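A.B. asks: build the 3D model from these lines:
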Amino acid sequence: MTSRRIVVVTGGTRGIGRSTVRRLCADGLGVVFTHSSSDADAAALEDELGDLVRGVRLDVTEDDAPERLFDLAESAGEVVGLVNNAGVTGRIGPFTELTDADLRRVVEVNLVAPVRLCREAARRWTARATAPPAGWVIVNVSSVASRTGSPHEYVAYAATKAAVETMTMGLARELGPAGIRVNAVSPGTIDTTIHARAGEPGRAQRVAARVPMGRPGRPEEIAEAIAWLLSDRASYVNGAVLNVDGGL
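C.D. replies: All right, here's what the predicted structure looks like:
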């Protein structure tokens with residue numbers, strides 16, 4: 001990867017993350033993306049996009065993950081953006097069946113890791129004398145579940161996404177004066193493998209009837225929103241939660 005403007009994307013080998021990596025590369029940005037176990041998918045993405053991307057196998061909940069990730073990204077160029085995309089739902093089912101192990105994993109991946117990554121970005125960026133011309137940008141990926149609560153499916157996941165949106169608004173106000181914009185994208189039901197990993201591969205099609213547009217979204221549609229928020233075209237957007245949900 002040659003020296004260039006770099007965006008860090010967590011969870012970059014599947015669904016929304018994979019589409020986001022591709023979309024950012026189309027804008028000429030370099031991307032350092034994480035994955036937890038998808039070595040073949042990561043290698044395929046690197047082969048497809050060449051020196052624009054670098055994948056790293058990394059559990060974002062590890063104690064030293066933020067430092068390791070940003071050190072790697074800074075070795076590739078000037079880090080100007082962070083996309084907190086990695087997330088887990090836990091198993092679909094009644095709240096009473098939620099295990100402590102699943103609860104801890106959902107909170108650690110969906111909330112604690114993004115908080116720590118935002119903190120690492122803020123520490124590094126605010127220590128610099130001047131911001132880049134377009135400033136720095138953080139985009140957090142939330143979910144329509146933050147508004148619906150996802151009863152009978154994954155309430156704990158919904159709670160973490162609501163917390164991510166609150167963090168987004170708070171950080172936007174705190175970090176804006178330092179030249180850091182912080183926004184979130186809130187996808188509706190998107191047709192990705194996250195439903196299969198939660199235990200119901202056909203969920204996206206099952207719930208499509210609830211969507212005013214009559215279909216689940218595509219990961220590319222979320223990637224477009226993320227790319228816009230990262231771009232100069234959204235230069236006055238700060239503290240926003242952009243719903244991309246087909247009208248839910």
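A.B. asks: from now on I want contacts and neighbour counts done on CA atoms only, so please keep to that.
C.D. replies: Noted.
A.B. asks: helix or strand right after the helix or strand hosting Asp71?
C.D. replies: Secondary structure from DSSP states H and E places Asp71 in helix 65-76. On the C-terminal side of helix 65-76, the closest following helix or strand by DSSP H and E is strand 77-84.
A.B. asks: could you pull up the mean pLDDT of the following helix or strand past that next one?
C.D. replies: Using DSSP H and E, the helix or strand that follows strand 77-84 towards the C-terminus is helix 100-107. For helix 100-107, mean pLDDT rounds to 97.
A.B. asks: give me the distance from whatever helix or strand comes next after helix 100-107 to the chain's centre.
C.D. replies: Counting by DSSP H and E, the element after helix 100-107 in chain order, helix or strand, is helix 113-126. In terms of C-alpha atoms, centre = their mean, to the nearest Å, the centre of helix 113-126 is set 14 Å apart from its chain centre.
A.B. asks: cool, stretch 94-109 as well?
C.D. replies: Distance of stretch 94-109 from the chain centroid (C-alpha atoms, centre = their mean) equals 20 Å.
A.B. asks: kindly report the same for stretch 105-119.
C.D. replies: That offset, for stretch 105-119, works out to 11 Å (C-alpha atoms, centre = their mean).
A.B. asks: buried residues of that stretch, list them for me.
C.D. replies: 105-118 (16 or more other C-alpha atoms under 10 Å).
A.B. asks: what about that stretch, start to end distance?
C.D. replies: One end of stretch 105-119 to the other measures 20 Å (C-alpha to C-alpha, to the nearest Å).
A.B. asks: residues in contact with it?
C.D. replies: Outside of stretch 105-119, the residues within contact range by C-alpha atoms under 8 Å, 6 or more residues apart in numbering are 60-61, 66, 82, 84, 86-90, 138, 140, 156-157, 160-161, 163-164, 167.
A.B. asks: reformat the buried residues of stretch 105-119 into a markdown table and put distance to Ala127 next to each item.
C.D. replies: Converted to a markdown table, these look like this (distance: C-alpha to C-alpha, whole Å):
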| residue | distance to Ala127 |
| --- | --- |
| Arg105 | 32 |
| Val106 | 31 |
| Val107 | 29 |
| Glu108 | 27 |
| Val109 | 27 |
| Asn110 | 26 |
| Leu111 | 24 |
| Val112 | 23 |
| Ala113 | 21 |
| Pro114 | 20 |
| Val115 | 18 |
| Arg116 | 17 |
| Leu117 | 16 |
| Cys118 | 14 |
